[in-house]
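J.: One predicted model, sequence on top.
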Amino acid sequence: MILAHGTNDWAISYKGSIKYFNDVATTVGGASTRDASMEFFLQPGVQHCAGGVGPDTVDLVDAVAKWREGGTKPSTQNIVATKLDSTTKAPVLARPLCKYPTFPKYKGSGDVNSADSYSCQSS
């Protein structure tokens with residue numbers, strides 16, 4: 001299971017998803033058991049399911065298929081979320097999708113709109 005939640009969600013606080021993710025570990029006997037079948041990603045700047053200033057377009061179905069069929073966890077697939085121009089549908093910014101508790105952090109150089117200029121780091 002992939003759990004993803006936008007940090008600018010106006011309908012449901014992402015903090016509830018953090019609590020749920022932690023509660024799953026408690027319920028199933030620990031983080032390692034949970035992590036064998038569940039990964040959690042926060043999407044900075046994304047509203048409820050989509051919208052907002054953050055990159056809200058990402059193919060999580062393909063990520064699940066690769067995990068289920070090939071054993072490749074989503075956090076190791078170098079998944080990139082993009083923000084598309086509303087008129088042209090061209091990508092205007094991209095960020096790596098980072099496994100919680102890490103977030104995309106700017107490396108300090110490079111195009112600020114390119115996922116290559118970010119790495120997943122703890123806050």
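T.: Good, I have the coordinates. Remember, it's a predicted structure, so these values are computed and weren't measured experimentally.

J.: In which helix or strand does His5 reside?
T.: strand 2-6 (DSSP states H and E).

J.: ok, that strand: who's next to it in the sheet?
T.: Strands that pair with strand 2-6, judged by DSSP bridges, come out as strand 39-43 (parallel).

J.: outside of the strand it pairs with, which residues touch it?
T.: Here strand 39-43 makes contact (Cβ atoms under 8 Å, 6 or more residues apart in numbering) with 1-7, 14, 17-18, 21, 54-56, 58, 73-75, 81, 97-100, 103. C-betas here are computed from N, CA, C, even on glycine.

J.: now do 7 Å
T.: 2-7, 14, 21, 54, 56, 73-75, 81, 97-100, 103 (Cβ atoms under 7 Å, 6 or more residues apart in numbering).

J.: longest helix in this structure, by residue count?
T.: Ranked by number of residues, the top helix in the chain under DSSP state H is helix 14-28.

J.: ranges for the strands of this protein?
T.: 2-6, 39-43, 80-84, 91-96, 102-106, 118-122 (DSSP state E).

J.: hey, which of those is tucked in deepest?
T.: strand 39-43 (a mean of 24; mean count of other Cβ atoms under 10 Å).

J.: pLDDT averaged over it - what is it?
T.: For strand 39-43, mean pLDDT rounds to 98.

J.: Now do it: distance to the chain's middle.
T.: 4 Å (Cα atoms, centre = their mean, to the nearest Å).

J.: At the geometric centre of this protein, which residue do we find?
T.: Geometric centre of the chain, nearest residue: Phe41, 3.4 Å, by Cα atoms, centre = their mean.

J.: Quickly list what that residue is bridged to.
T.: Beta-bridge partners, per DSSP bridges, of Phe41: Ala4, Lys99.

J.: Excluding chain neighbours, give the residue nearest to Met38 in space.
T.: Closest residue in space to Met38, ignoring its immediate chain neighbours: Met1 at 4.6 Å, by Cβ to Cβ, 6 or more residues apart in numbering.

J.: The one you found: how many residues sit nearby?
T.: By other Cβ atoms under 10 Å, the residues close to Met1 number 10.

J.: Having no further points to raise, I will conclude here.
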